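Student: sequence plus the predicted model coming up.
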Amino acid sequence: MSRTIVITGASDGIGAAAARKLHALGEQVVVVGRSPERTAAVAAELGAPHFVADFAELAQVRRLADELLQRFPEIHVLANNAGGIMGERSLTVDGYERTFQVNHLAPFLLTTLLLPALTAGRATVIQTASQAARVFARFDIDDLQNARGYRADRAYGNGKLANILFTRELQRRYGDEGIAAVSFHPGIVATSFASDTNHVMRWIYHTPLRRLFTISAERAADDLVWLAQGTPGTTFVPGEYYDARRIATQVNPDSADPVLAEQLWERSAAMV
């Protein structure tokens, strides 16, 4: 039987590639994206349902969750894949720093709102994280808004570290209810990533340099597909962070701090 697999950030890049691969394997893919045109195009290609939401506005995330719950009483995989690095520091309409909201707070809200369908489906919840959590993050639980010494790469690294911490805490809180949470590093991928920033990453991703440093979205999507089709406890260890299909060993020490993970959850819940 096909399962319901919701993929955010599926209008382009890794998300779109994973949607195509999972559809070809017989899964019922639900395409979620920010761009109405690109999201509809990917969905039409697959004959799949689609929903549009901009994670820079939490009201749109709440509407998305309502629409998904009405349509799908059971969700078997949620891939929180949307995210990105921004340019200058700015606030969303909700008053939160954009990088933090798009990469962590919006996926946190979506996941917690979808918990009835996720627990009913004994779902795997996948976070597309990044080794940016190790390379760039300087995580301060008292500065989640990246107000002090803002740098685009640091804010992005902090957001990706938050993905890993959220994975661990989601597993701790809801593992006994059938949730299997996992995060992974997809590699440095040749997509539209970093198109909204003036950081050096833009030059890596959007000039001929990409041929030296990046892999294709199709190749990166293989690991998301591997996790989505995997068996928790056999294919992967719930709660862990993976790199190249192995539990990552080169990590930011903060990513394994259970106290920090719980604090992040509580503060995130208070914000939404």
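Tutor: Noted; the coordinates are in hand.
Student: C-alpha only now, for contacts and for neighbours.
Tutor: Noted.
Student: tell me the confidence at T197?
Tutor: On the pLDDT scale, T197 is placed at 50.
Student: next: the one 5 residues further on.
Tutor: Per-residue pLDDT puts R202 at 50.
Student: can you check R151 too?
Tutor: 96.
Student: do the same with A194
Tutor: In this prediction A194 is given a pLDDT of 50.
Student: in the stretch 151-272 of the chain, where is pLDDT below threshold?
Tutor: 189-214 (pLDDT under 70).
Student: mind listing the helices for it?
Tutor: Using DSSP state H, counting those that start in this stretch, the helices of the stretch 151-272 of the chain run over 152-174, 200-205, 210-213, 217-229, 258-271.
Student: please work out which of those helices is packed deepest.
Tutor: Mean neighbour count, computed with mean count of other Cα atoms under 10 Å, is highest for helix 152-174 among the helices of the stretch 151-272 of the chain, reaching a mean of 25.
Student: so which of the helices of the stretch 151-272 of the chain gets nearest A79?
Tutor: With Cα to Cα as the criterion, A79 lies closest to helix 217-229 of the helices of the stretch 151-272 of the chain, at 8.0 Å.
Student: which other helices and strands does that closest one contact?
Tutor: Under the contact criterion of 3 or more Cα pairs under 8 Å, 6 or more residues apart in numbering; DSSP states H and E, helix 217-229 touches helix 13-24, strand 124-128, strand 189-190.
Student: which residues are in contact with that helix?
Tutor: 13-15, 17-18, 21-22, 77, 79, 124, 126, 184, 186-187, 189-191, 235-236, 244-245 (Cα atoms under 8 Å, 6 or more residues apart in numbering).
Student: after whatever helix or strand V31 lives in, which helix or strand is next?
Tutor: Element membership for V31, per DSSP states H and E: strand 28-33. Of the helices and strands lying after strand 28-33 in sequence (DSSP H and E), the nearest is helix 36-46.
Student: what helices and strands are in contact with that following helix?
Tutor: helix 13-24, strand 28-33, strand 50-52.
Student: quick one: strands adjacent to the shortest one?
Tutor: Each strand that pairs with strand 50-52, with its direction, by DSSP bridges: strand 28-33 (parallel).
Student: orientation of the partner strand relative to helix 36-46 in degrees?
Tutor: 160 degrees (axes from the mean of the first three to the mean of the last three Cα atoms, to 10 degrees).
Student: orientation of strand 28-33 relative to helix 13-24 in degrees?
Tutor: Going by the same axes, to 10 degrees, strand 28-33 makes 160 degrees with helix 13-24.
Student: burial count for T112?
Tutor: 14 (other Cα atoms under 10 Å).
Student: that should have said E37, apologies.
Tutor: Count around E37 with other Cα under 10 Å applied: 11.
Student: what separation do you get for it and V52?
Tutor: Plainly put, E37 is 10 Å away from V52 if you go by Cα to Cα, to the nearest Å.
Student: quick one: contacts of the strand holding V31?
Tutor: Residues contacting strand 28-33 (Cα under 8 Å, 6+ apart): 2-11, 19, 22-23, 39, 42-43, 48-54, 82.
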